[in-house]
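1. test case, fold it:
(2 chains)
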Amino acid sequence: DAKTTQPPSMDCAEGRAANLPCNHSTISGNEYVYWYRQIHSQGPQYIIHGLKNNETNEMASLIITEDRKSSTLILPHATLRDTAVYYCIVRPYNNNDMRFGAGTRLTVKP
Amino acid sequence: ETGVTQTPRHLVMGMTNKKSLKCEQHLGHNAMYWYKQSAKKPLELMFVYSLEERVENNSVPSRFSPECPNSSHLFLHLHTLQPEDSALYLCASSQESGAVYEQYFGPGTRLTVT
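-> Prediction:
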(Lines give C-alpha, C1' and ligand atoms only; values in the text may rest on other atoms or scores of the structure.)
Protein backbone atom coordinates (compact mmCIF):
# COMPACT_ATOMS: atom_id res chain seq x y z
CA ASP A 1 0.00 0.00 0.00
CA ALA A 2 1.10 3.56 -0.65
CA LYS A 3 2.25 5.44 2.39
CA THR A 4 0.65 8.75 3.33
CA THR A 5 2.18 11.69 5.13
CA GLN A 6 0.10 14.17 7.09
CA PRO A 7 1.02 17.00 9.45
CA PRO A 8 0.54 15.85 13.06
CA SER A 9 -1.61 18.79 14.05
CA MET A 10 -3.40 21.87 12.73
CA ASP A 11 -5.55 24.63 14.14
CA CYS A 12 -8.46 26.36 12.47
CA ALA A 13 -10.72 29.22 13.51
CA GLU A 14 -14.41 28.42 13.82
CA GLY A 15 -16.31 29.38 10.68
CA ARG A 16 -13.22 29.35 8.50
CA ALA A 17 -12.26 26.71 5.97
CA ALA A 18 -10.00 23.94 7.22
CA ASN A 19 -7.59 22.62 4.60
CA LEU A 20 -5.94 19.35 5.56
CA PRO A 21 -3.09 18.20 3.30
CA CYS A 22 -1.97 14.67 2.58
CA ASN A 23 1.04 13.50 0.63
CA HIS A 24 0.86 10.15 -1.15
CA SER A 25 3.69 10.41 -3.63
CA THR A 26 3.93 6.65 -4.24
CA ILE A 27 0.25 6.13 -5.04
CA SER A 28 -0.53 3.62 -7.80
CA GLY A 29 -3.00 4.04 -10.59
CA ASN A 30 -5.57 1.72 -9.03
CA GLU A 31 -5.46 3.22 -5.56
CA TYR A 32 -8.16 5.43 -4.11
CA VAL A 33 -7.73 8.21 -1.58
CA TYR A 34 -10.01 7.98 1.45
CA TRP A 35 -10.55 10.35 4.32
CA TYR A 36 -11.89 9.38 7.73
CA ARG A 37 -12.04 11.25 10.99
CA GLN A 38 -12.16 10.13 14.60
CA ILE A 39 -13.67 12.28 17.26
CA HIS A 40 -12.26 11.59 20.69
CA SER A 41 -13.03 8.06 21.94
CA GLN A 42 -15.43 7.30 19.09
CA GLY A 43 -15.10 5.05 16.07
CA PRO A 44 -13.72 6.54 12.85
CA GLN A 45 -16.24 8.16 10.53
CA TYR A 46 -16.04 7.99 6.74
CA ILE A 47 -15.87 11.42 5.12
CA ILE A 48 -15.11 11.15 1.42
CA HIS A 49 -13.07 9.31 -1.18
CA GLY A 50 -11.76 9.89 -4.70
CA LEU A 51 -9.65 8.41 -7.46
CA LYS A 52 -8.50 11.31 -9.60
CA ASN A 53 -11.34 13.81 -9.87
CA ASN A 54 -12.23 16.33 -7.21
CA GLU A 55 -15.16 15.25 -5.09
CA THR A 56 -17.67 17.04 -2.89
CA ASN A 57 -20.33 15.83 -0.52
CA GLU A 58 -22.31 17.30 2.34
CA MET A 59 -19.38 17.00 4.71
CA ALA A 60 -16.33 18.07 2.73
CA SER A 61 -14.50 18.51 -0.55
CA LEU A 62 -11.55 16.49 -1.74
CA ILE A 63 -9.03 18.03 -4.08
CA ILE A 64 -6.58 15.62 -5.71
CA THR A 65 -3.64 17.01 -7.67
CA GLU A 66 -3.34 16.11 -11.31
CA ASP A 67 -0.35 13.84 -10.69
CA ARG A 68 -2.30 12.27 -7.77
CA LYS A 69 0.69 12.59 -5.46
CA SER A 70 -1.14 14.72 -2.94
CA SER A 71 -4.61 15.71 -1.88
CA THR A 72 -6.38 18.21 0.34
CA LEU A 73 -9.50 17.70 2.40
CA ILE A 74 -11.49 20.89 2.77
CA LEU A 75 -14.07 21.50 5.49
CA PRO A 76 -15.66 24.69 4.15
CA HIS A 77 -16.96 26.14 7.42
CA ALA A 78 -15.33 24.43 10.36
CA THR A 79 -17.26 24.12 13.61
CA LEU A 80 -16.11 23.13 17.08
CA ARG A 81 -17.60 19.68 16.43
CA ASP A 82 -15.11 19.17 13.62
CA THR A 83 -12.31 18.90 16.17
CA ALA A 84 -10.97 15.39 15.55
CA VAL A 85 -8.12 13.33 14.15
CA TYR A 86 -8.33 13.19 10.36
CA TYR A 87 -6.90 10.20 8.52
CA CYS A 88 -5.85 10.12 4.89
CA ILE A 89 -5.68 6.56 3.58
CA VAL A 90 -4.68 5.17 0.22
CA ARG A 91 -6.13 1.83 -0.64
CA PRO A 92 -6.01 -0.35 -3.74
CA TYR A 93 -9.03 -1.10 -5.87
CA ASN A 94 -11.18 -3.89 -4.52
CA ASN A 95 -9.13 -4.29 -1.36
CA ASN A 96 -10.73 -4.14 2.05
CA ASP A 97 -7.46 -3.69 3.95
CA MET A 98 -7.64 -0.19 5.43
CA ARG A 99 -4.30 0.99 6.88
CA PHE A 100 -4.60 3.93 9.23
CA GLY A 101 -1.64 6.16 10.01
CA ALA A 102 -1.25 8.73 12.76
CA GLY A 103 -3.46 11.30 11.03
CA THR A 104 -3.75 15.04 11.63
CA ARG A 105 -5.24 16.33 14.85
CA LEU A 106 -7.42 19.28 13.85
CA THR A 107 -8.44 21.66 16.59
CA VAL A 108 -11.15 24.16 15.74
CA LYS A 109 -10.96 27.18 18.01
CA PRO A 110 -13.69 29.70 18.79
CA GLU B 1 -25.53 6.36 14.81
CA THR B 2 -23.61 4.49 12.14
CA GLY B 3 -25.69 1.32 12.12
CA VAL B 4 -22.93 -0.63 13.87
CA THR B 5 -23.37 -1.37 17.56
CA GLN B 6 -20.88 -2.82 20.00
CA THR B 7 -21.34 -4.27 23.46
CA PRO B 8 -20.17 -3.82 26.07
CA ARG B 9 -18.88 -0.28 25.75
CA HIS B 10 -16.50 -0.74 28.66
CA LEU B 11 -14.97 -3.93 30.03
CA VAL B 12 -12.52 -4.59 32.83
CA MET B 13 -11.17 -8.11 33.06
CA GLY B 14 -8.44 -9.99 34.83
CA MET B 15 -5.75 -11.88 33.00
CA THR B 16 -7.36 -15.23 33.76
CA ASN B 17 -10.86 -14.26 32.67
CA LYS B 18 -12.70 -15.20 29.51
CA LYS B 19 -14.94 -12.59 27.93
CA SER B 20 -16.45 -11.81 24.55
CA LEU B 21 -17.00 -8.60 22.64
CA LYS B 22 -20.04 -8.38 20.42
CA CYS B 23 -20.63 -6.38 17.27
CA GLU B 24 -23.84 -6.12 15.26
CA GLN B 25 -24.40 -4.26 12.03
CA HIS B 26 -27.83 -3.20 10.76
CA LEU B 27 -26.68 -2.06 7.32
CA GLY B 28 -27.00 -5.27 5.31
CA HIS B 29 -23.25 -5.36 4.73
CA ASN B 30 -21.34 -8.52 3.86
CA ALA B 31 -17.93 -7.80 5.40
CA MET B 32 -16.96 -7.15 9.01
CA TYR B 33 -13.72 -6.18 10.71
CA TRP B 34 -12.04 -6.01 14.09
CA TYR B 35 -9.51 -3.25 14.80
CA LYS B 36 -7.41 -2.52 17.86
CA GLN B 37 -6.47 1.02 18.89
CA SER B 38 -3.89 1.28 21.64
CA ALA B 39 -3.01 4.55 23.29
CA LYS B 40 -1.00 6.81 20.99
CA LYS B 41 -0.85 4.18 18.23
CA PRO B 42 -2.66 3.99 14.89
CA LEU B 43 -5.56 1.66 14.37
CA GLU B 44 -4.41 -1.88 13.72
CA LEU B 45 -6.48 -4.21 11.59
CA MET B 46 -6.91 -7.54 13.41
CA PHE B 47 -9.41 -9.65 11.47
CA VAL B 48 -11.50 -9.42 8.33
CA TYR B 49 -14.55 -11.48 7.54
CA SER B 50 -16.01 -11.46 4.06
CA LEU B 51 -19.23 -13.36 3.42
CA GLU B 52 -18.81 -14.90 6.89
CA GLU B 53 -15.39 -16.35 6.08
CA ARG B 54 -12.20 -15.07 7.63
CA VAL B 55 -10.01 -13.61 4.91
CA GLU B 56 -7.34 -11.88 6.97
CA ASN B 57 -5.62 -12.44 10.27
CA ASN B 58 -2.84 -9.93 10.83
CA SER B 59 -0.59 -12.02 13.10
CA VAL B 60 -2.92 -11.62 16.03
CA PRO B 61 -2.11 -13.73 19.12
CA SER B 62 -4.29 -16.77 19.64
CA ARG B 63 -5.67 -15.33 22.87
CA PHE B 64 -7.94 -13.34 20.53
CA SER B 65 -10.44 -15.56 18.75
CA PRO B 66 -12.97 -14.11 16.30
CA GLU B 67 -16.30 -15.62 15.35
CA CYS B 68 -18.71 -14.57 12.63
CA PRO B 69 -21.90 -16.67 12.87
CA ASN B 70 -23.73 -14.65 10.20
CA SER B 71 -23.26 -11.52 8.16
CA SER B 72 -24.76 -9.27 10.84
CA HIS B 73 -22.85 -10.44 13.89
CA LEU B 74 -19.21 -10.56 14.85
CA PHE B 75 -17.65 -11.64 18.11
CA LEU B 76 -14.18 -11.36 19.57
CA HIS B 77 -13.53 -13.99 22.24
CA LEU B 78 -10.86 -13.07 24.75
CA HIS B 79 -8.93 -15.33 27.10
CA THR B 80 -5.78 -15.05 29.19
CA LEU B 81 -5.14 -11.51 28.04
CA GLN B 82 -2.15 -9.41 29.03
CA PRO B 83 -2.17 -5.84 30.37
CA GLU B 84 -0.76 -4.62 27.04
CA ASP B 85 -3.99 -5.81 25.40
CA SER B 86 -5.80 -2.92 27.06
CA ALA B 87 -7.11 -0.81 24.19
CA LEU B 88 -10.15 0.39 22.30
CA TYR B 89 -11.52 -2.43 20.15
CA LEU B 90 -13.44 -1.26 17.13
CA CYS B 91 -15.75 -3.17 14.86
CA ALA B 92 -16.55 -2.06 11.32
CA SER B 93 -18.59 -3.28 8.39
CA SER B 94 -18.71 -2.64 4.67
CA GLN B 95 -20.52 -3.78 1.57
CA GLU B 96 -18.14 -5.48 -0.81
CA SER B 97 -19.39 -4.74 -4.29
CA GLY B 98 -17.69 -2.96 -7.13
CA ALA B 99 -14.46 -1.11 -6.53
CA VAL B 100 -15.12 1.08 -3.55
CA TYR B 101 -16.60 0.29 -0.21
CA GLU B 102 -16.27 2.56 2.77
CA GLN B 103 -16.23 1.09 6.23
CA TYR B 104 -18.67 2.05 8.94
CA PHE B 105 -17.38 1.82 12.48
CA GLY B 106 -19.04 1.13 15.77
CA PRO B 107 -18.34 3.17 18.91
CA GLY B 108 -15.84 0.65 20.24
CA THR B 109 -15.33 -1.32 23.44
CA ARG B 110 -12.83 0.16 25.88
CA LEU B 111 -11.03 -2.87 27.36
CA THR B 112 -8.87 -2.74 30.47
CA VAL B 113 -6.90 -5.82 31.48
CA THR B 114 -5.83 -5.86 35.11
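
2. what residues are up against the spatially most central residue of chain B?
-> Centroid-nearest residue in chain B, with Cα atoms, centre = their mean: B:W34, separated by 2.8 Å. Taking Cβ atoms under 8 Å, 6 or more residues apart in numbering or on different chains, we find B:W34 in contact with B:23, B:45-47, B:66, B:74, B:76, B:89-91. Quick note: C-beta positions are derived from backbone N, CA and C, even for glycine.

3. I'd guess it is in a helix, am I close?
-> No: the assignment for B:W34, made by DSSP: H, G, I helix; E, B strand; the rest coil, is strand rather than a helix.

4. show me which residues of chain B are close to chain A?
-> Within chain B, the residues that sit near chain A (Cβ under 8 Å from any Cβ of the partner chain) are B:2, B:4, B:31, B:33, B:42-43, B:45, B:48, B:50, B:55-56, B:88, B:90, B:92, B:94, B:96, B:99-108, B:110.

5. what about the strands in chain A?
-> A:9-13, A:18-23, A:31-38, A:45-50, A:55-56, A:61-64, A:70-75, A:84-92, A:104-109 (DSSP state E).

6. check chain B too.
-> For chain B, strands defined by DSSP E occupy the ranges B:4-7, B:10-13, B:18-25, B:31-37, B:44-50, B:53-57, B:64-70, B:73-79, B:87-94, B:104-105, B:109-113.

7. just checking, what packs against the last one?
-> Put plainly, it is strand B:109-113. strand B:10-13, strand B:87-94 (3 or more Cβ pairs under 8 Å, 6 or more residues apart in numbering or on different chains; DSSP states H and E).

8. where does pLDDT dip in chain B?
-> Applying pLDDT under 70 to chain B flags residues B:98-100.

9. if I pick the residue of it found nearest chain A, what's in contact with it?
-> Distances between chain B and chain A by Cβ to the nearest Cβ are smallest at B:F105, namely 3.1 Å. Neighbouring residues of B:F105 by Cβ under 8 Å, 6+ apart: A:43-45, B:2, B:4, B:35, B:90-92.

10. what is the neighbour count of residue 17?
-> No chain was given, so I picked chain A. When neighbours are counted by other Cβ atoms under 10 Å in any protein chain shown, A:A17 registers 12.

11. wait, chain B was what I had in mind.
-> Neighbours of B:N17 (other Cβ under 10 Å): 14.

12. all set now, cheers.
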